[in-house]
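>>> sequence first, predicted coordinates after that:
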Amino acid sequence: MDFGQFLSYIGSGTVLTVGVTLIALPAGLLIGTILALLYVYGGKVAARAMNLYSTVFRGIPPVVLLFILFFAVSKGINLSAFWAGSLSLGVVSSAYQMEIVRGALLSVSGDQLMAARAVGLSRLQAIRYVVLPQAVRLAIPPWSNEAAIVIKDSSLVYALGVPEILRRAQLIGASSQRYLLAYLSAAVIYFVLVYATTRLLNLLEQKLSIPSNP
Amino acid sequence: MKKYFLLAVALVLVGAMLVGCVSESTSVLDKIQKAKKVSVGTSADYPPYEYLDDAGNKTGFDIELMAEIAKRMGVELEWVDMPFDSLVAAVAGGKLDMSISCFNFDEERDKIVDFSEAYYTTEDAFVVTSAFTGTITKPEDAANYKVGVQSGTVQDGWLTDNLVTPGLLPEANLSRYERVDQAALDLANGRIEVLMGDYVPIQALVAQNPDLQVVYHGVLSTGPINIVLPDGDAELKAEVDRIIKELQAEGFIDQLAVKYFSE
Amino acid sequence: MPKPILTIKNLTKTYGQNVIFQHLDLTVNEGDTIVIIGPSGTGKSTLLRCINLLTRPNEGQIWLDDLEITAKGTDEDQVRQHIGMVFQNFLLFNHLTALGNVKLGLTKVKHMSDEAATEKAMRELSRVGLADRADHYPGQLSGGQQQRVGIARALAMDPRVMLFDEPTSALDPELIGEVLEVMRQLALDGMTMMVVTHEMGFAREVADRIVFMEKGFIVEEGSPDEMFNHPKFDRTREFLWKITELYGKKEKDAE
């Protein structure tokens, strides 16, 4: 078997890697954004609860949460390895994404919120039409970083037997006894995925940037 | 990964306590027979027990054995590939009906799952030709000679870990072969003095070649291997054990060993 | 008898142990331009924010026309759209064009159609002389232009009263004139205004009344003539002399 065959065997796991990422990342964004809004605007009790959430889930290695959800929590529920893995990664990512969105909200908030309220917008309207659109732009660079992390972390679902890129590299490495070639192939695929994602988000950031004179 | 395995085991224990004894009365055997399907986990990265062939299909000693067990249970076999470290937790967590992946009995694992009777005991053997003048009374004595082994096998692992790494056997004196018969050829030619391999196929080799003789055999690398079963499920264990004994009596397992441990 | 638009009675604001101002009484009549002067940290800006309900006073009442806006259960959002606010740092919405800034309150608060809002917003931008900058973002405008957009944004809501919180303090001297000119025109048009500023030229020329605040109290109030030429208190005279000296010099430097 040559490098091309390795690439194509391992590469056929890309669908799963991308699938896991496409579930985990938006799930994390949705949860993270809601929690960040609660954190920043929800009052003291909510802020404390969100702080706890963030501390707990950022303190647990993703693979441990994966095991908990798949082997322990879902004993009764029929959760497939793919979904258990994707959702656990989404929950872990939500804690990080919450911090990203929260940071962006805080750096927009304050004065902009006040100016919006002064015009007569309600708090919710001010957040929706003034704070969030600006926060989103600020959040893209750190979010792009998080997207790269989730793509790489998606390899963890191999521990549940999802035959994504890393697991396929292990299998073909074992049967051919050419581990280096197998893992190199996996590395190439991961790199291409992460690079393409980062570039894409970079373009988005440029497209959304607010014009200003230097 | 070892660390995470233990963590997973601990978590599964906690999880099991939380969930409590949810309908423990029904045996997994009933479930298997009702669904006409048994879900078996393996980590297909451990030749010759379980690995992928060139077409990407699972094959190996365990794989073929399990296929026969499923056939005799009268159910369809569904393979689930999982990393070795996750297999025990998956059986304990009810994600799999059983796992076969060259498992040794282990007290820690026994706390959360059961083990079938050993379906095979990997005994290792050292074989020499009649021209051999040295002595091998204990396995470490092999370090004094030129040794041959099949590459990537458990015997290869034992030699590497116990003789080469501690510096007893110079790396240059260990020859690794793709197949056992190639090693046997070099043994006959005198390029190596001792050949280490699985006892069952070695016996087959000796039977064909009267010039060869076994100077030592015993459990070194692997020992007895068992199927991992759900904890406390006596009915399933009885059924699996019954079939294993049947297959041992018929010589089916020894034939598999010859097929997979010498080619 | 002139009709009061804003009536402030016994207003007190504290932050913890810090008393910002206490027992303030002030009435603003329709069409009046009130200029509030005084050293920094005397609670002038806080007073404006209390009127706009951006912060809550600890004691006292404020009426907007006949409505007590400090009463419990007042719909703050409802009140604020009748009170225009112009900030020292402009505080334009950075992600919206000049037009977008002026339109936002019209479409979201007044629920005007996009078309009507655009038309109204363009009228307000013309009023501050910036119709040709409608599609510029704040980052593409000078400070003076940004502040004029800020004024247009507040005007678009057709407020009963406009509050100006040091509207020219953050501007380079050469940009102050264009903003003051817009404000002068507004006063001439009969807009009711409360202006916190250090621009004594503006105060002298445009104000109907000048209020001098110090250390949380209103020291003195009166017409520009009274305040500049016959102040009752030495403190007023001293402050006016100092501030005219300081800012007069700045204005000269700029020329």
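Arrived safely, thanks for sending. Numbering: from 1, shown residues only, chains lettered A, B, ... in the order given.

>>> so what touches stretch A:112-128?
The contact list for stretch A:112-128, computed with C-beta atoms under 8 Å, 6 or more residues apart in numbering or on different chains, reads A:37, A:41, A:129-131, A:134, C:52, C:54, C:76-78, C:80-81, C:85, C:87, C:91-94, C:104-105, C:108-109, C:153-154, C:157. C-beta coordinates here come from the backbone N, C-alpha and C atoms, glycine included.

>>> now do the buried residues in that stretch.
Buried residues in stretch A:112-128, counted by 16 or more other C-beta atoms under 10 Å in any protein chain shown: A:112-122, A:125-127.

>>> tally of neighbours for the residue of chain A found nearest chain C?
With C-beta to the nearest C-beta, the shortest gap between chain A and chain C falls at A:S212, namely 2.4 Å. Per other C-beta atoms under 10 Å in any protein chain shown, the neighbour tally for A:S212 reads 12.

>>> B:E239 now?
21.

>>> hang on, it in a helix?
Yes. Checked against DSSP: H, G, I helix; E, B strand; the rest coil, B:E239 lies within a helix.

>>> middle-most residue in chain B, spatially?
Residue closest to the mean C-alpha point of chain B, counted by C-alpha atoms, centre = their mean, is B:C102 at 3.3 Å.

>>> hmm, B:Y46 and that residue touching each other?
Yes. B:C102 lies in contact with B:Y46 (C-beta atoms under 8 Å); the separation is 5.9 Å.

>>> which members of the buried residues of stretch A:112-128 occur in helices, if any?
Counting by DSSP state H, the part of the buried residues of stretch A:112-128 found in helices is A:112-119, A:125-126.

>>> redo these as CSV? Include distance to B:D198.
Putting those into CSV (distance: C-beta to C-beta, whole Å) gives the following:
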residue, distance to B:D198
A:Q112, 73
A:L113, 74
A:M114, 78
A:A115, 79
A:A116, 77
A:R117, 79
A:A118, 83
A:V119, 82
A:Q125, 75
A:A126, 74
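
>>> turn the residues you listed into JSON lines, including distance to C:D65 and pLDDT.
Output for those, formatted as JSON lines (distance: C-beta to C-beta, whole Å; pLDDT from 0 to 100):
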{"residue": "A:Q112", "distance to C:D65": "30", "pLDDT": "94"}
{"residue": "A:L113", "distance to C:D65": "27", "pLDDT": "93"}
{"residue": "A:M114", "distance to C:D65": "24", "pLDDT": "93"}
{"residue": "A:A115", "distance to C:D65": "24", "pLDDT": "95"}
{"residue": "A:A116", "distance to C:D65": "24", "pLDDT": "95"}
{"residue": "A:R117", "distance to C:D65": "21", "pLDDT": "94"}
{"residue": "A:A118", "distance to C:D65": "19", "pLDDT": "94"}
{"residue": "A:V119", "distance to C:D65": "20", "pLDDT": "93"}
{"residue": "A:Q125", "distance to C:D65": "25", "pLDDT": "95"}
{"residue": "A:A126", "distance to C:D65": "25", "pLDDT": "95"}
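
>>> spatially, which two of the residues you listed are the most separated?
Farthest-apart pair in those is A:M114 and A:Q125; separation 13.6 Å (C-beta to C-beta).

>>> so B:V40 belongs to a strand, correct?
Yes. According to three-state DSSP, B:V40 belongs to a strand.

>>> part of a strand, is B:V80?
Yes. Per three-state DSSP, B:V80 lies within a strand segment.

>>> got a list of what the nearest residue to it once chain neighbours are set aside touches?
Among residues not flanking B:V80 along the chain, B:G41 sits closest, at 4.8 Å (C-beta to C-beta, 6 or more residues apart in numbering or on different chains). Going by C-beta under 8 Å, 6+ apart, B:G41 touches A:161, B:79-82, B:86-87, B:90-91, B:95-96, B:98-101.

>>> centre-most residue in the chain?
Looking at chain A here, since you left the chain open. Short answer for chain A (C-alpha atoms, centre = their mean): A:L25, at 3.6 Å.

>>> to clarify, I was referring to chain C.
C:F164 (1.4 Å).

>>> pLDDT value on it, please?
Note on C:F164: pLDDT of 95.

>>> that one: what secondary structure?
What three-state DSSP gives for C:F164 is strand.

>>> please, where are all the helices along the stretch 1-150 of chain B?
Taking DSSP state H, counting those that start in this stretch as the test, the helices found in the stretch 1-150 of chain B are B:2-19, B:28-35, B:61-73, B:84-92, B:107-110.

>>> so what does the second one touch, helix or strand wise?
In terms of contacts (3 or more C-beta pairs under 8 Å, 6 or more residues apart in numbering or on different chains; DSSP states H and E), helix B:28-35 is packed against helix B:234-250.
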